[in-house]
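In: Can you look at this prediction? I've put the sequence above it.
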Amino acid sequence: MNSFGQLFRVTTFGESHGPAIGCVIDGCPPGVELAEQDFVHDLARRATGRTRHTSQRHESDAVEILSGVYQGHTTGTPIALLVRNTDARSKDYDRISEQFRPGHADYTYWQKYGTRDPRGGGRSSARETTMRVAAAVIAKKWLADKFGIRVRGHLAQIGDVVPASFDWNAVEGNPFFWPDAAQVAALEDFMDALRKSGDSVGARITVAADGVPAGWGEPVYGKLDAELAAAMMSINAVKGVEIGDGFAAVAQKGSEHRDEMSRAGFLSNHAGGILGGISSGQAIVCSVAFKPTSSLRLPARGVDVDGNEVEIVTTGRHDPCVGVRATPICEAMLALVLMDQALRHRAQCGDVGEVSPRIPPSA
Ligand code: EPS
């Protein structure tokens, strides 16, 4: 399945080393102002080769709009977006094309399909996430224009390093999306040492959406949090998702976890803005755990396609921490889920309108 969403339905296609990657978005409302320039900012935030801390593959990631836009506005018909691959170096994969990198999808793709495109990881490459971010540019725009919703995110942990302080204004000012400017120099050193060691590390990303009205999300099977979890889990290398306090809720008392209400607003947001699978009007908060990447030049024990035990060494250009550029990807999945749920809510409950009392977000 390469499609995501019910009403705002995104289908992506393409491989890391094919001629191009792309997506088709069906169900986008007409009248959204859209130009190729709109994709530049978020695609650059996600792209490789923009800093020394990510893979050095240099792609322009320029989006071509092939359909669904006329005179600068969406028409309501399918929007096709294309990004050409221009810096693939497939020879880097010759050596491991008949081997399975430990910890990589090489083995499971082989087991599933009995064949695979090993070049750049083929369809399992992080390259696919380009098109999620592109599709979400439209979703973010619509959500902001219609509801004033702001979707943003930051790196919340890398290895065992956590932010010492928090400032949203710091996040876009460094290559890590890190919320504490004073720690950035130390993070650069950390990443330089990691890269030199040939190893990789995991990371946690937190994304949030403010301005989401109360009432979005479908009980029972279309819960907003269930769809968010599935959306985040569909990103390469993701191993965990938390909504609000997530697993910390295990050790909390009910008296502590429940978000008390006053007429001035909710008094806390342990729930992450979702109750019973439906948005409460508070900020939607979601944290995502990324595993350490598996393409390492450090030798590992493995097996090849003929069943021989071999030593596996991965050379070429790889991310020592995919979490470094995962913030826009998690934002994208949050925006896509919200966009789809917004349209579904409008379809069924558009006539309900605003129900009182409406409790403002955290006071
Ligand atoms: C990736 C390896 C690199 C990355 C790629 C993900 O590709 P290649 O081996 O072809 O240089 O650059 O990510 C992207 C190109 C991208 O746009 O995200 C991997 O090992 O998954």
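Out: Here it is on my side, so go on. Numbering: from 1, shown residues only.

In: Please name the strands paired to the helix or strand containing Val24 in the sheet, noting orientation.
Out: Per DSSP states H and E, Val24 falls inside strand 20-26. Sheet pairing of strand 20-26 (DSSP bridges) gives strand 9-14 (antiparallel), strand 79-84 (antiparallel).

In: Just send those strands back as JSON lines, with mean pLDDT, distance to the ligand and mean neighbour count too.
Out: In short, each C-beta sits where N, CA and C put it, glycine included. JSON lines is the format used below for the strands paired with strand 20-26 (pLDDT from 0 to 100; distance: least, Cβ to the nearest ligand atom, whole Å; neighbours: other Cβ atoms under 10 Å):
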{"stretch": "strand 9-14", "mean pLDDT": "98", "distance to the ligand": "11", "mean neighbour count": "20"}
{"stretch": "strand 79-84", "mean pLDDT": "98", "distance to the ligand": "9", "mean neighbour count": "20"}
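
In: JSON lines please, covering these and showing distance to Val151.
Out: Shown next, in JSON lines, are the strands paired with strand 20-26 (distance: least, Cβ to Cβ, whole Å):
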{"stretch": "strand 9-14", "distance to Val151": "16"}
{"stretch": "strand 79-84", "distance to Val151": "19"}
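
In: on that earlier part again, which positions within the strand holding Val24 qualify as buried?
Out: Residues of strand 20-26 classed as buried by neighbour count (16 or more other Cβ atoms under 10 Å): 21-26.

In: ok, now stretch 252-271?
Out: 259, 266, 268-271.

In: Restricted to helices, list these.
Out: Among the buried residues of stretch 252-271, no residue falls in helices (DSSP state H).

In: quick one: which two of those are the most distant?
Out: Greatest spatial distance in these: Phe266 and His270, 9.7 Å, computed using Cβ to Cβ.

In: quick one: common contacting residues for those two?
Out: Common neighbours of Phe266 and His270, counting by Cβ atoms under 8 Å, 6 or more residues apart in numbering, are Asp259.

In: burial of Glu227, as a residue count?
Out: Glu227 sits with 23 neighbouring residues when counted by other Cβ atoms under 10 Å.

In: right, and it touches Met339 too?
Out: No: contact between Glu227 and Met339 fails when scored by Cβ atoms under 8 Å: they sit 11.3 Å apart.

In: which stretches of this protein form helices?
Out: Taking DSSP H to define them, one finds helices in the chain at 40-46, 106-113, 129-147, 168-171, 184-197, 224-233, 254-257, 327-349.

In: could I get those helices as TSV with mean pLDDT and distance to Asp94?
Out: Conversion of the helices of the chain to TSV gives the following (pLDDT from 0 to 100; distance: least, Cβ to Cβ, whole Å):
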stretch	mean pLDDT	distance to Asp94
helix 40-46	98	28
helix 106-113	97	14
helix 129-147	98	25
helix 168-171	98	39
helix 184-197	97	23
helix 224-233	98	32
helix 254-257	98	53
helix 327-349	98	29
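
In: who wins for proximity to Val32 among the ones you listed?
Out: Using Cβ to Cβ, the nearest of those to Val32 is helix 129-147, at 5.5 Å.

In: tell me the contacts of the residue of the stretch 251-363 of the chain found nearest the ligand?
Out: Proximity of the stretch 251-363 of the chain to the ligand (Cβ to the nearest ligand atom) peaks at Arg317, 4.0 Å away. For Arg317, the contact set (Cβ under 8 Å, 6+ apart) comprises 48, 55-57, 89, 92.
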